[in-house]
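**Student:** Structure of the sequence below:
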Amino acid sequence: MYQALYRKWRPKTFSDVVGQEHVTETLQRQVAEGRLSHAYLFTGTRGTGKTTCAKILAKAVNCEHPENGNPCNKCQSCLGIESGGFLDVMELDAASNNGVDHVRALRDEAIYSPAQVKKRVYIIDEVHMLSIAAFNALLKILEEPPEHLMFILATTEKHKVIPTILSRCQIYDFNRITIRDMVSHLAYVAKQEGITADPAALAVIASKADGAMRDALSIFDQVAASSRGNITYQSAIDNLNVLDHAYYRRLVEAFLAGDVPSSLKIYKEVRDKGFDSQFFINGLALYLRDLMLACNAATLPLLEVPDETRAEMADTASRCKPEFLYRAMDLCNDADLNFRQASNKQFLIELTLIKLCQSAGPSPKGDTGEGQ
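**Tutor:** Below you'll find the predicted structure:
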């Protein structure tokens with residue numbers, strides 16, 4: 001039976017986790033040295049590995065044969081926790097178990113020693129969803145926990161967790177995973193799965209995932225299926241409905257030349273491909289933002305794109321005055337803000353493109369009727 005790649009490649013040890021070394025190395029060292037806290041709070045955006053690390057930690061503290069702080073994933077404890085068969089290690093969703101009665105029931109159960117493992121572990125996901133009464137009920141057991149008990153709380157919104165809970169936890173912030181790290185991991189998965197993948201295509205997938213490794217694997221799975229195991233740049237942008245940056249590059253060339261007719265023709269090409277006008281103008285704004293970063297050697301490394309694309313953008317940016325890029329981003333932002341209220345949305349975008357040509361070029365080339 002086929003297993004989704006995000007499940008198949010879910011990390012089993014701290015060493016497998018991508019892009020969170022500042023967290024995983026500390027946790028691994030704590031397990032190896034036996035210097036464990038009774039309560040942890042993992043915070044960060046979705047898909048960055050919070051609940052995965054929580055489950056690895058639960059296995060590591062209960063593993064019968066730990067390997068330098070990592071779970072062996074072979075003993076009865078590891079296998080039972082991994083399968084969800086051990087009731088001494090429970091994963092709860094606070095979004096659906098957020099009442100005080102739920103937490104009181106958990107608290108009453110938690111005082112009993114574990115039956116199958118060394119430590120009873122409760123993983124509470126989206127803990128910020130608990131009610132104030134539920135937080136206060138949880139606080140009572142966090143203040144004086146039994147030796148056999150560990151809580152691992154996970155949240156995407158740390159600011160919603162009450163300070164008295166925060167003060168009793170070791171807090172670990174999970175970073176958004178960089179495109180470079182995601183591309184590297186996706187390339188490894190592709191090799192293991194016998195899938196050929198263009199690095200530029202993997203960069204598109206990683207960008208679409210927006211810092212979440214789980215999303216990147218799900219998107220990769222989708223594109224691999226539609227591409228029949230041969231992921232090219234074109235198949236990736238077609239499948240994910242991503243507008244090729246070549247359109248934006250051509251637009252900037254038209255702006256720099258003051259070529260209004262060409263800019264309007266390119267916009268028509270984009271519309272003919274079925275792309276929404278607001279999606280288009282927002283994409284152009286992001287491309288201009290990236291060009292601004294590419295203008296300066298100090299900010300060039302901030303571009304999370306393949307090296308070849310970075311060099312290409314640096315070349316384009318070298319021909320753009322910073323003042324034009326600032327003005328261009330402002331015009332695109334205004335178009336986005338006015339889009340919903342505009343009675344003629346196509347006209348709004350076309351007017352924005354004309355203003356961009358006038359901002360960059362010495363003078364518009366002809367009028368809007370030329371060459372159309």
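
**Student:** Tell me which stretches of the stretch 51-200 of the chain form strands.
**Tutor:** Secondary structure of the stretch 51-200 of the chain (DSSP state E, counting those that start in this stretch): strands located at 89-93, 120-125, 149-155, 170-173, 196-197.

**Student:** no no, the stretch 251-372 of the chain
**Tutor:** Assigned by DSSP E, counting those that start in this stretch, the stretch 251-372 of the chain shows no strands.

**Student:** Show me where the stretch 151-300 of the chain has its helices.
**Tutor:** Secondary structure of the stretch 151-300 of the chain by DSSP state H, counting those that start in this stretch: the helices cover 163-166, 179-193, 199-209, 213-226, 233-239, 245-257, 260-272, 277-294.

**Student:** Report the buried residues of the third one.
**Tutor:** When you say that, I think you mean helix 199-209. For helix 199-209, burial by neighbour count (16 or more other CB atoms under 10 Å) applies to Ala200, Ala201, Leu202, Ala203, Val204, Ile205, Ala206, Ser207, Lys208, Ala209. Placement of C-beta: from N, CA and C, glycine included.

**Student:** Nearest residue to Val183 in space, please, no chain neighbours.
**Tutor:** Leaving out its chain neighbours, the residue that sits closest to Val183 by CB to CB, 6 or more residues apart in numbering is Leu202, at 4.6 Å.

**Student:** and that neighbour, what pLDDT?
**Tutor:** If you check Leu202, the pLDDT there is 91.

**Student:** Pull out the buried residues from stretch 67-87.
**Tutor:** Neighbour counts using 16+ other CB under 10 Å place Gly69, Asn70, Pro71, Cys72, Asn73, Cys75, Ser77, Cys78, Gly80, Ile81, Glu82, Phe86 of stretch 67-87 among the buried residues.

**Student:** Dump those to JSON lines, plus distance to Val121 and pLDDT.
**Tutor:** Converted to JSON lines, the buried residues of stretch 67-87 look like this (distance: CB to CB, whole Å; pLDDT from 0 to 100):
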{"residue": "Gly69", "distance to Val121": "16", "pLDDT": "90"}
{"residue": "Asn70", "distance to Val121": "16", "pLDDT": "91"}
{"residue": "Pro71", "distance to Val121": "12", "pLDDT": "91"}
{"residue": "Cys72", "distance to Val121": "17", "pLDDT": "90"}
{"residue": "Asn73", "distance to Val121": "16", "pLDDT": "89"}
{"residue": "Cys75", "distance to Val121": "16", "pLDDT": "88"}
{"residue": "Ser77", "distance to Val121": "11", "pLDDT": "88"}
{"residue": "Cys78", "distance to Val121": "13", "pLDDT": "88"}
{"residue": "Gly80", "distance to Val121": "12", "pLDDT": "87"}
{"residue": "Ile81", "distance to Val121": "8", "pLDDT": "87"}
{"residue": "Glu82", "distance to Val121": "13", "pLDDT": "85"}
{"residue": "Phe86", "distance to Val121": "9", "pLDDT": "80"}
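
**Student:** Just the closest of the residues you listed to Gln170, please.
**Tutor:** Gly69 (15.5 Å; CB to CB).

**Student:** Please name every helix or strand in contact with the worst-scoring helix or strand of the chain on mean pLDDT.
**Tutor:** Every helix and strand of the chain was ranked by mean pLDDT, DSSP states H and E. The lowest is helix 100-110, at a mean of 80. On a contact count with 3 or more CB pairs under 8 Å, 6 or more residues apart in numbering; DSSP states H and E, helix 100-110 meets strand 120-125, helix 132-143.

**Student:** Can you tell me the strand partners of the first one and which way each runs?
**Tutor:** Strand 120-125 sits in its sheet next to strand 89-93 (parallel), strand 149-155 (parallel), going by DSSP bridges.

**Student:** Please identify the most buried of the ones you listed.
**Tutor:** Neighbour counts (mean count of other CB atoms under 10 Å) averaged over each of those peak at strand 149-155, with a mean of 24.
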